[in-house]
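Trainee: Sequence and predicted structure, then a few things I'm wondering about:
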Amino acid sequence: MPKAPANKVYVVGVGMSKFIKPRGQVDYPEFGLEAAVKALNDAKLSYDQVEFAAVGYCYGDSTSGQRVLYQLGMTQIPVVNVNNNCSTGSTALLQARNAVASGMVDCAMALGFERMQRGSLKSNFSDRTPPLDHVHDLMTEQIGYKGNAPRAPQIFGNAGMEYMRRYGATDDHLAKIAEKNHRHSSKNPYSQFRDIYTLEQIKQSPTIYGPLTKLQCCPTSDGAGCAVVASEEFVLKHGLMDQAVEICAQVMATDSPKMLSTDAIEWAGTDMTRRASQEAYKQAGITPNDVQVVELHDCFSANELVTYDALGLTPPGKAHTLIDSGDNTYGGKYVINPSGGLISKGHPLGATGLAQCTELCWQLRRWAGDRQVPNVERALQHNVGLGGAVVVTIYKKANANYTQPHVGYNPAVEARPISKDEYEKAAAKKQNRAEYLEAKL
């Protein structure tokens, strides 16, 4: 695994748009700009102070990142476009963080957005090899492919069913995960869904595959998230330590050969999560017991179940005991997915990792209002994409006392559209922005 960087990196600004159903009423330049403006306003910076940008999305033409960011100014900085399946947002954050950690730049931006089609995920290409063909072939050979169900819930559903068969978890444990996340989501103004459901309502919603019902599956979504990261020198120079959150460890891993085994749990990428999390704890000098809040990739309730083990939050085979004890929600050992997670908050692929980052920074700043996790010192983020890549990130408080929001309202508890004044504060102040606007008009 790569060595931990010597230079400290801090998140100094975060922002996101509401996650909404894909309806085509708002296009990616609009909600991408919204997230970027909010993150810059949060950091009290303008775009011409950003020296590098990594922009993530899965469904869009090349250089869509430039199309969004040019609205803030054509400052000629490097803009790298990233596509890494469902871990795209965190991959963009990793790129931005590495640019700062290496000393290449002092301030960088990670932006992620997605405008999705309605319905289940599907490949945009029918004339070339799909990247998950080996998993699909294994699944068809070992279990059989159910043609009436989308492939993603089959992969994760089979992982959950194998975990249940092997260790004694039940359908109820999967439903309880979804019940928790929907309940958490009711307090998040950015969530696509904010309704609370009973356990029975979740179990009785339409079956998607195996034990997975509709209310245990993430929806397709439109939306954006953004984070601005900076070096310690930059943070001190600009007086940002009172809101900075340190990225004390961040590790990406890809699949091991276990993914090609007959173990259905491994088809869901659990071994790369295991590898990345172990290295992240080592870099941070902590154990899972030192974390209070977790945002993990619950694209399906079954994936949250198997990820408890992979992240070391429970001993192997004991994920369901965390649910039974209530140690995955408020009042327990961890609060997992206080945002509502992907199941309820939504899952615009390129934005998900940066929305997780945004939520955890708000939690560490003590801004999260009635979904605030008590006594947060460290936070854990898990963002996985099949095919495969996973990014595990550990954050910690950089200061004993954080300031309150300075943008005129608390963005953690109120989702507002951006104003003209907020845009003007975020936009580059150099002449090339005026030239861009003149040319566009």
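Mentor: Looks like it arrived, so ask away. Computed from a prediction, not measured in an experiment: that's the story for all the values here.
Trainee: So which residue is smack in the middle of the protein?
Mentor: With distances taken as CA atoms, centre = their mean, the residue of the chain nearest its centroid is Gly353 (2.1 Å).
Trainee: you'd agree it is up against Ser90?
Mentor: Yes - if you go by CB atoms under 8 Å, Gly353 and Ser90 touch, sitting 3.2 Å apart. Bear in mind the C-beta positions are built from the backbone N, C-alpha and C, glycine included.
Trainee: Which neighbours do those two have in common?
Mentor: Gln381, Asn383, Val391 (CB atoms under 8 Å, 6 or more residues apart in numbering).
Trainee: so can I have CSV of those showing neighbour count and distance to Tyr10?
Mentor: Compiled in CSV, those are given as follows (neighbours: other CB atoms under 10 Å; distance: CB to CB, whole Å):
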residue, neighbour count, distance to Tyr10
Gln381, 24, 15
Asn383, 30, 19
Val391, 29, 18
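Trainee: These in strands, which ones?
Mentor: Among the shared contacts of Gly353 and Ser90, the ones falling in strands (DSSP state E) are Gln381, Asn383, Val391.
Trainee: which residues does the second one bridge with?
Mentor: Which is Asn383. On the basis of DSSP bridges, Asn383 is bridged to Val391.
Trainee: which ones are touching it?
Mentor: Contact analysis of Asn383 by CB under 8 Å, 6+ apart lists Cys86, Ser87, Gly89, Ser90, His297, Thr352, Gly353, Gln356, Val390, Val391, Thr393.
Trainee: Adding pLDDT and secondary structure, write the residues you listed out as JSON lines.
Mentor: Below are these laid out as JSON lines (pLDDT from 0 to 100; DSSP: H, G, I helix; E, B strand; the rest coil):
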{"residue": "Cys86", "pLDDT": "96", "secondary structure": "strand"}
{"residue": "Ser87", "pLDDT": "98", "secondary structure": "coil"}
{"residue": "Gly89", "pLDDT": "98", "secondary structure": "helix"}
{"residue": "Ser90", "pLDDT": "98", "secondary structure": "helix"}
{"residue": "His297", "pLDDT": "98", "secondary structure": "coil"}
{"residue": "Thr352", "pLDDT": "98", "secondary structure": "helix"}
{"residue": "Gly353", "pLDDT": "98", "secondary structure": "helix"}
{"residue": "Gln356", "pLDDT": "98", "secondary structure": "helix"}
{"residue": "Val390", "pLDDT": "98", "secondary structure": "strand"}
{"residue": "Val391", "pLDDT": "98", "secondary structure": "strand"}
{"residue": "Thr393", "pLDDT": "98", "secondary structure": "strand"}
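Trainee: Of those residues, just say which sits nearest to Pro153.
Mentor: Cys86 (13.5 Å; CB to CB).
Trainee: Contacts only, for the closest one.
Mentor: Cys58, His297, Cys299, His347, Leu349, Thr352, Asn383, Val384, Gly385, Leu386.
Trainee: which residues of the protein score low on pLDDT?
Mentor: The chain contains residues with pLDDT under 70 at 1-6, 119-123, 125, 147, 431-441.
Trainee: Do you have the strands of it handy? List them.
Mentor: Ranges of strands within the chain are 9-16, 52-56, 79-82, 107-114, 207-209, 212-213, 223-231, 245-253, 293-295, 335-336, 378-385, 389-397, based on DSSP E.
Trainee: circling back: just the closest of the ones in strands among the shared contacts of Gly353 and Ser90 to Gly312, please.
Mentor: Gln381 (14.4 Å).
Trainee: what about the closest one, distance to Val294?
Mentor: 8 Å (CB to CB, to the nearest Å).
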